[in-house]
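Undergrad: Return a 3D structure for these sequence lines:
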Amino acid sequence: MNPRDRIVSNIMQRDVPSVKESDVMDLDQLLRLRWLRDMPVLDGSKLVGVVSIGDLLRAAIVQLQQAEPTEPTEPVRVRISDVMVRNVVSIGHDVTLGEAAELMKFQEIAFLPMIDDQGQLIGVVTESDLVTATLR
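TA: Predicted structure coming up:
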């Protein structure tokens with residue numbers, strides 16, 4: 001079988017870290033997540049957005065830069081809702097690797113959440129997942 005014809009749900013990551021829209025993260029939490037690129041934002045198990053760890057870190061840096069040097073620095077806290085993307089490109093469970101790769105290329109994204117008919121997050125697929133799957 002051509003790797004492009006394989007179904008994404010067979011290679012997707014099912015257990016992925018996620019956050020809620022109302023979450024607020026401090027700098028220590030953000031630095032512990034630096035190995036991640038993106039995270040789904042959930043309301044219960046429904047996908048409502050995606051947040052980039054890079055965007056969260058940039059928001060934290062802006063806060064640090066805006067702090068007055070003579071005043072004690074308040075802990076940096078970034079609200080997920082302030083930096084998340086709400087219009088998320090997502091796929092269903094029956095999408096092929098080729099279709100997912102083309103969508104990622106066209107949309108210029110590296111993270112693709114998979115949802116069911118009710119908008120519930122099933123899993124995610126990344127560029128790395130697609131590359132690994134095609135090499136097998």
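
Undergrad: Only C-alpha atoms from now on, for both contacts and neighbour counts.
TA: Noted.

Undergrad: Identify the residues contacting the lowest-mean-pLDDT helix or strand in the chain?
TA: The weakest-scoring helix or strand in the chain, judged by mean pLDDT, DSSP states H and E, is helix 27-32 (a mean of 80). For helix 27-32, the surrounding residues in contact (Cα atoms under 8 Å, 6 or more residues apart in numbering) are 53, 56-57, 60, 75-77.

Undergrad: Using pLDDT, spot the least trustworthy of the residues you listed.
TA: Ranked by pLDDT, the contacts of helix 27-32 bottom out at Pro75 (78).

Undergrad: and that residue, what is it in contact with?
TA: Counting by Cα under 8 Å, 6+ apart, Pro75 has contacts 26-27.

Undergrad: repeat for the one 10 residues further on
TA: The contact partners of Val85, taken as Cα under 8 Å, 6+ apart, are 49-51.

Undergrad: Same check on Leu42?
TA: By Cα under 8 Å, 6+ apart, the residues touching Leu42 are 18-21, 48-49.

Undergrad: quick one, strands of the chain?
TA: Counting by DSSP state E, the chain has these strands, from start to end: 19-20, 24-26, 38-43, 46-52, 77-79, 111-115, 121-126.

Undergrad: would you turn those into CSV with distance to Arg6?
TA: Converted to CSV, the strands of the chain look like this (distance: least, Cα to Cα, whole Å):
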stretch, distance to Arg6
strand 19-20, 30
strand 24-26, 37
strand 38-43, 24
strand 46-52, 24
strand 77-79, 38
strand 111-115, 15
strand 121-126, 13
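
Undergrad: how about those, which one is nearest Leu103?
TA: strand 111-115 (8.9 Å; Cα to Cα).

Undergrad: any weak-confidence spans in the protein?
TA: Filtered on pLDDT under 70, the chain yields the residue ranges 34, 69-73.

Undergrad: Quick check: longest helix in it by residues?
TA: Longest helix in the chain, counting residues (DSSP state H): helix 53-66.

Undergrad: Would you reformat the contacts of helix 27-32 as a markdown table and include distance to Pro40?
TA: Below are those laid out as a markdown table (distance: Cα to Cα, whole Å):
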| residue | distance to Pro40 |
| --- | --- |
| Ile53 | 11 |
| Leu56 | 13 |
| Leu57 | 16 |
| Ala60 | 19 |
| Pro75 | 25 |
| Val76 | 22 |
| Arg77 | 19 |
